[in-house]
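Engineer: Fold the following.
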Amino acid sequence: MGRYYLALAISLLVPAICFAGTLSGVVVGIKDGDTIYLLTPDRQKKEVRFNAIDAPEKAQPFYNKSQQSLSNLCAGKDATVNTYGLDKYGRTLGDVFCQGKSANVHQVENGYAWVYRQYSNDANLIALEAAARSKGIGLWNDPSPIPPWDFRHGKRPETFEQTQARVKASANSAEGFSCGSKRYCRQMVSCEEARFYLKQCGLHKLDKDGDGVPCEVLCGG
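Structural biologist: A predicted model of the protein is given here:
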């Protein structure tokens with residue numbers, strides 16, 4: 001086990017950043033699922049951002065559970081950090097070990113963080129992520145979780161209405177319907193086609209009385 005963590009500490013390096021040293025202290029705060037506050041023996045409070053992983057942002061699903069998972073392992077515990085300098089926000093970047101257990105590994109294997117692929121291709125972490133995904137644990141319980149790096153660039157989950165519209169459009173398209181080729185009820189061959197033109201194509205003239213039912217002769221409104 002010791003050899004594994006030594007290999008992990010080496011392999012989790014961010015490209016072009018070299019191992020800088022070691023910090024030790026007590027974890028006095030859990031900022032989120034990949035950042036802690038460490039109080040060193042000389043009473044310095046260090047903000048430590050985990051290397052190689054990325055946990056859900058505050059506005060994302062599973063943010064609180066990711067934070068709680070890390071808190072269960074590290075809050076109030078002695079910790080050691082293999083450091084790799086500072087990130088662009090001035091935080092210490094490192095691999096964190098709470099009472100000898102890798103917190104980086106803990107978050108990934110329990111489904112509360114992604115492997116940060118932009119900065120790591122560590123095979124062990126990637127395998128742990130794949131295992132968590134296959135089990136559907138943690139954030140992988142969501143059928144389509146959005147990685148934090150995409151979320152920070154504005155990507156958002158599809159709303160229920162958007163999903164329904166996309167599914168309907170896809171199903172109707174598969175039946176051969178398409179907007180633009182027909183304009184009147186007399187051209188429709190089925191109620192399903194008339195509904196497609198009303199809902200998907202916005203051809204409101206098919207619903208003369210505004211009751212939501214197009215082409216009453218076909219749809220029996």
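Engineer: From now on I want contacts and neighbour counts done on CA atoms only, so please keep to that.
Structural biologist: Will do.
Engineer: All the strands of this protein, residue numbers only.
Structural biologist: Per DSSP state E, the chain carries strands over the ranges 21-32, 35-39, 45-50, 53-54, 78-86, 92-98, 101-102, 114-115.
Engineer: what's in contact with the last one?
Structural biologist: Residues external to strand 114-115 that are found in contact with it (Cα atoms under 8 Å, 6 or more residues apart in numbering): 52-55, 108, 125-126, 129, 147.
Engineer: on that earlier part again, save the strands of the chain as JSON lines, and put in mean neighbour count, distance to G212 and mean pLDDT too.
Structural biologist: Compiled in JSON lines, the strands of the chain are given as follows (neighbours: other Cα atoms under 10 Å; distance: least, Cα to Cα, whole Å; pLDDT from 0 to 100):
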{"stretch": "strand 21-32", "mean neighbour count": "18", "distance to G212": "48", "mean pLDDT": "98"}
{"stretch": "strand 35-39", "mean neighbour count": "23", "distance to G212": "52", "mean pLDDT": "99"}
{"stretch": "strand 45-50", "mean neighbour count": "21", "distance to G212": "54", "mean pLDDT": "98"}
{"stretch": "strand 53-54", "mean neighbour count": "24", "distance to G212": "47", "mean pLDDT": "98"}
{"stretch": "strand 78-86", "mean neighbour count": "20", "distance to G212": "60", "mean pLDDT": "97"}
{"stretch": "strand 92-98", "mean neighbour count": "26", "distance to G212": "58", "mean pLDDT": "98"}
{"stretch": "strand 101-102", "mean neighbour count": "18", "distance to G212": "58", "mean pLDDT": "98"}
{"stretch": "strand 114-115", "mean neighbour count": "26", "distance to G212": "45", "mean pLDDT": "98"}
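Engineer: Turn the ones you listed into JSON lines, including distance to Y197.
Structural biologist: Conversion of these to JSON lines gives the following (distance: least, Cα to Cα, whole Å):
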{"stretch": "strand 21-32", "distance to Y197": "48"}
{"stretch": "strand 35-39", "distance to Y197": "51"}
{"stretch": "strand 45-50", "distance to Y197": "52"}
{"stretch": "strand 53-54", "distance to Y197": "44"}
{"stretch": "strand 78-86", "distance to Y197": "57"}
{"stretch": "strand 92-98", "distance to Y197": "56"}
{"stretch": "strand 101-102", "distance to Y197": "57"}
{"stretch": "strand 114-115", "distance to Y197": "42"}
